[in-house]
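>>> structure for the following, please:
(chains A and B)
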Amino acid sequence: MRSLWKGAISFGLVHIPVRLYRAVEEKDVHFHYLHRECQTPIQYKKWCPTCGREVASHEIVRGYEYEKGRYVIFSEEDLEAIPVASARTVEILDFVSLEQIDPIYFEKSYFLEPAEGGQKAYHLLRQAMLETGRIALVRVALRNRESLAALRVYKNRVLTMVTIHFPDEIRSYGELKIDAEREVPTEREVSMARTLIGALAGDFDPERYHDRYREALLGAVRKKIEGEELVVAPTEIPPTRDLMEALRSSLALLEQGQSPLQPPGPSYQGPP
Amino acid sequence: MELTNPERVLWPEDGLTKADLVRHYVDMSPYLLPFLRDRPLVFTRYPEGIHGKSFYQKNAPVYTPPWIRKFPYSAPSGERVVEFILVDEVAALAWLANQACIEIHPWFSRVGSLDYPDFAVFDLDPAEPAGFEEARAVAQLVKTVLDEAGLEGWPKTSGATGIHIYVPLENRYPYKEVAGFVQRVASLLCQAFPERITLERAVKRRGGKVYIDYLQNIRGKTIVGAYVPRPLPGAPVSTPFTWRELPGLQPAGFNMKSLGERLRQVGDLYAGFLSRGQSLEEAQRRLFRGSERP
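Sure, this is the predicted structure:
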């Protein structure tokens, strides 16, 4: 596993050096796009439809579309002028209870590993959080962007951070037709539904669930690799010295206008 | 059966018409039919002549007459069913020619034993600026390796600048094994003569060498049949030749106009070819002695 960066958890006057790792690995099956005829991966070219030509990267600028078809241009300097959080710190703001954060806010998870000199404070923080049952709300800079995140202990062992969406990123459900007030179920219906839930109630055991689409797709890939549609690269077998000799002299013969040494199959009935 | 538009010119440079194509296929039927029988076919049609739009066709068209045999096939990967045309009589050949079907590409295996090809093919395809001269030398090299392996190879011109060398096999080797054998031989030759031979899939990286297309030996791939004309000026025909002819061979000399005379002189050089199935085990032992078979 490669760490994304090395920084520190900052907690009052305490600094805990840590390394940050991605906690989740997407396992989507990835296809390449190839040219059917020669099976070469295709390339995408950057094309300007107005000038009718390919454009090089130094000719490309960023534009913000403020209304359809109208842009304001942002240069590198313009972007640098915007204050960003570049400090590699995980700054603890508050200690809250995890239940207060609705899962809709959760974005991406990261593991934190104690770096040199951070061991003792890391475990102190970990233990204190476990005992109080509180998690830390933190501010962190990821890819030059400031994010809100929840810092907590995962499996009683490792400090884990999950980034949290800002409230204005969560869409309103106001335009969905829910009609909770008009559709009031009877007590009998609710009781039946409760029985059904009770019958299916269980503990969350993620091991029981698999990505069935991915498994089917990978199964198909395996079949194709094993089947006739592909031939695997063979271990390269070099020609023996005798064979090399025979090959060279056959080429020399051809240059003198002579056919290979042996006649074709015995059924051959052509001219001499 | 009625011919439609028999005067339609298909090869304008040579003044050859659809009637000439039908005549070619009818005349060649004694040599073609034994080879095509029971094999799924792929064909190319040139209704507007060799410079016009063409179609690569696997599926029997809906208007295929009922007396033409068809073979429904669905690939192991579960793709849609293809209804192949099977040709086992001269009338079917004439019908195809009347569809402006210039090329017929038969499968390597027959409907009764689809998984087991009746031959392996070394498809030598020179990449420009390489041409027939370069293919000729590589054919000589393939022949030398086949001699070493104790295998018979039956060469024919591709009709363009290439050479196809057929190695008849007992039909008990799955495609994968046959392709693997051709690949190992090709790789051996490529190591010996990297300046002449390439196994590069990407056309632009073949750089003036002769490409040995071992991947032709997999299920569903086809190669133009013997005595089949090509949609090129001069109306060249993919023509069997003998190894003795190789040094002086001029492939352009084998065309729709001259083929009849050649057959009168040398007969059908591919006659009996299919009954000469050979075994691969001994050949592999001789060639790859002492090395692990993957």
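>>> use CA for all of it now, contacts and neighbours both
Noted.
>>> pass me the low-pLDDT residue ranges in the stretch 151-272 of chain A, would you?
Applying pLDDT under 70 to the stretch 151-272 of chain A flags residues A:225-236, A:259-272.
>>> try it again with 50
Judged by pLDDT under 50, the stretch 151-272 of chain A has its weakly predicted residues at A:228, A:264-272.
>>> which parts of it are helices?
Secondary structure of the stretch 151-272 of chain A (DSSP state H, counting those that start in this stretch): helices located at A:187-200, A:212-226, A:241-255.
>>> same question, chain B
In chain order, chain B shows helices spanning B:18-36, B:90-98, B:132-149, B:175-192, B:259-266, B:280-287, with DSSP state H as the criterion.
>>> so which of the ones you listed gets nearest residue A:94?
For those, distance to residue A:94 was read as C-alpha to C-alpha. The smallest value, 64.2 Å, belongs to helix B:175-192.
>>> just the CA trace of the closest one, in CSV.
What follows is the C-alpha trace of helix B:175-192 in CSV, where atoms were taken according to Å, rounded to 0.1, in the frame of the first residue of the first chain:
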residue,chain,number,x,y,z
TYR,B,175,-7.9,-25.2,-32.2
LYS,B,176,-5.9,-23.9,-29.2
GLU,B,177,-3.3,-26.6,-29.5
VAL,B,178,-3.0,-26.1,-33.3
ALA,B,179,-2.6,-22.3,-32.9
GLY,B,180,-0.1,-22.9,-30.2
PHE,B,181,2.0,-25.1,-32.4
VAL,B,182,2.0,-22.6,-35.3
GLN,B,183,2.8,-19.9,-32.8
ARG,B,184,5.8,-21.8,-31.4
VAL,B,185,7.1,-22.5,-34.9
ALA,B,186,6.6,-18.8,-35.9
SER,B,187,8.3,-17.6,-32.7
LEU,B,188,11.2,-19.9,-33.3
LEU,B,189,11.6,-18.5,-36.9
CYS,B,190,11.1,-15.0,-35.6
GLN,B,191,14.0,-15.5,-33.1
ALA,B,192,16.2,-16.9,-35.9
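>>> thinking again about what came up before, and the helices of the stretch 151-272 of chain A: which comes nearest chain B?
Shortest distance between chain B and those, using C-alpha to the nearest C-alpha, is found for helix A:241-255: 5.9 Å.
>>> picking that back up, please identify the most buried of the helices of the stretch 151-272 of chain A.
By mean neighbour count, with neighbours taken as mean count of other C-alpha atoms under 10 Å in any protein chain shown, helix A:241-255 ranks first of the helices of the stretch 151-272 of chain A at a mean of 16.
>>> quick one, that one and helix B:132-149 angle?
Counting by axes from the mean of the first three to the mean of the last three C-alpha atoms, to 10 degrees, helix A:241-255 points 140 degrees away from the direction of helix B:132-149.
>>> strands of the stretch 101-250 of chain A, start to end?
In the stretch 101-250 of chain A, the strands defined using DSSP state E, counting those that start in this stretch lie at A:106-114, A:135-142, A:145-154, A:158-164.
>>> as JSON lines, these with mean neighbour count and distance to chain B would be great.
Converted to JSON lines, the strands of the stretch 101-250 of chain A look like this (neighbours: other C-alpha atoms under 10 Å in any protein chain shown; distance: least, C-alpha to the nearest C-alpha, whole Å):
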{"stretch": "strand A:106-114", "mean neighbour count": "18", "distance to chain B": "37"}
{"stretch": "strand A:135-142", "mean neighbour count": "22", "distance to chain B": "41"}
{"stretch": "strand A:145-154", "mean neighbour count": "20", "distance to chain B": "43"}
{"stretch": "strand A:158-164", "mean neighbour count": "22", "distance to chain B": "42"}
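>>> re the thing from before, got the helices of the stretch 151-272 of chain A as TSV, with distance to chain B columns?
Putting the helices of the stretch 151-272 of chain A into TSV (distance: least, C-alpha to the nearest C-alpha, whole Å) gives the following:
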stretch	distance to chain B
helix A:187-200	37
helix A:212-226	8
helix A:241-255	6
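>>> with distance to residue A:150 added, can I get those in JSON lines?
Formatted as JSON lines, the entries for the helices of the stretch 151-272 of chain A read as follows, by distance: least, C-alpha to C-alpha, whole Å:
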{"stretch": "helix A:187-200", "distance to residue A:150": "31"}
{"stretch": "helix A:212-226", "distance to residue A:150": "31"}
{"stretch": "helix A:241-255", "distance to residue A:150": "69"}
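>>> just so I know, which of those helices lies nearest residue B:5?
Once C-alpha to C-alpha is applied to the helices of the stretch 151-272 of chain A, the stretch that comes out nearest is helix A:212-226, at 44.6 Å.
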